[in-house]
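Chemist: After the sequence you'll find the predicted model.
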Amino acid sequence: PSPRARTLAPSARTRGGAASSRRYLSSGAGQERMLELLRAFVAREGHAAMPRNHVEDGEKLGTWLHAQRARSAARDMAASERRGRAPLSDDVARRLEEVGVNCVVDDARWERMYELLGAFVAREGHADVPDEKLGAWLRTQRERYLARDL
């Protein structure tokens with residue numbers, strides 16, 4: 001191994017210098033390890049907001065947490081919307097909430113965009129939104145609505 005790899009724990013000797021978080025998506029023991037690291041991070045920092053590239057004890061904790069949030073979002077999606085993402089189990093969702101992780105980070109943003117859309121419709125009298133951010137958000141909402149055959 002390279003000199004750098006020798007300084008890392010054996011579990012962290014992968015490309016990029018940190019262990020892959022992909023193996024922890026469904027592994028029971030791996031899931032426990034990542035939850036332990038998350039608990040330690042929250043105890044130390046007082047929150048679970050970490051950058052996606054955060055590495056804790058040689059593990060890609062930020063990547064893993066981002067994946068758990070994406071899997072949580074997949075729980076509310078139609079199968080056609082999931083794009084291969086497996087939904088988060090109720091047990092893991094509960095355990096993340098116990099640690100203090102808000103898996104539904106987009107709720108506040110969704111509410112804000114909905115308010116902006118309401119203001120736009122009140123002002124313009126239609127919902128043909130040219131604004132880049134609001135228009136993209138509205139297109140996504142329409143696509144999700146159609147994908148669910150509601």
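Modeler: That came through fine.

Chemist: low-scoring stretches of the protein, by residue?
Modeler: 1-27, 104-108, 148-150 (pLDDT under 70).

Chemist: Please, where are all the helices along it?
Modeler: Taking DSSP state H as the criterion, the chain carries its helices at 3-7, 28-45, 61-74, 90-99, 107-124, 132-147.

Chemist: Can you tell me which of the ones you listed is packed in deepest?
Modeler: Of all the helices of the chain, helix 61-74 carries the top mean neighbour count, a mean of 21, counting by mean count of other Cβ atoms under 10 Å. For the C-beta atoms, the positions are set from N, CA and C on the backbone; glycine is no exception.

Chemist: Check which helices and strands it sits against.
Modeler: Contacts defined by 3 or more Cβ pairs under 8 Å, 6 or more residues apart in numbering; DSSP states H and E place helix 61-74 against helix 28-45, helix 90-99.

Chemist: Same list (those) but as JSON lines, adding distance to Arg69.
Modeler: Compiled in JSON lines, these are given as follows (distance: least, Cβ to Cβ, whole Å):
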{"stretch": "helix 28-45", "distance to Arg69": "12"}
{"stretch": "helix 90-99", "distance to Arg69": "9"}
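
Chemist: From the chain's centre, how far out is stretch 84-96? Work that out for me.
Modeler: 11 Å (Cα atoms, centre = their mean, to the nearest Å).

Chemist: Quick one: closest of the helices and strands packed on helix 61-74 to Arg109.
Modeler: Closest approach to Arg109 among those (Cβ to Cβ): helix 90-99, 19.2 Å.

Chemist: what does that closest one contact?
Modeler: Helix 90-99 has contacts (Cβ atoms under 8 Å, 6 or more residues apart in numbering) with 31, 35, 38-39, 42, 48, 68, 72, 75, 88, 103.

Chemist: how about 10 Å then?
Modeler: Residues from elsewhere that reach helix 90-99, judged by Cβ atoms under 10 Å, 6 or more residues apart in numbering: 25-26, 31-32, 35-36, 38-39, 41-43, 48, 65, 68-69, 71-72, 75, 87-89, 101-104.

Chemist: So what's the gap between that helix and the chain middle?
Modeler: Relative to the centre of its chain, helix 90-99 is centred 14 Å away, using Cα atoms, centre = their mean.

Chemist: Stretch 89-107 too?
Modeler: Distance of stretch 89-107 from the chain centroid (Cα atoms, centre = their mean) equals 10 Å.
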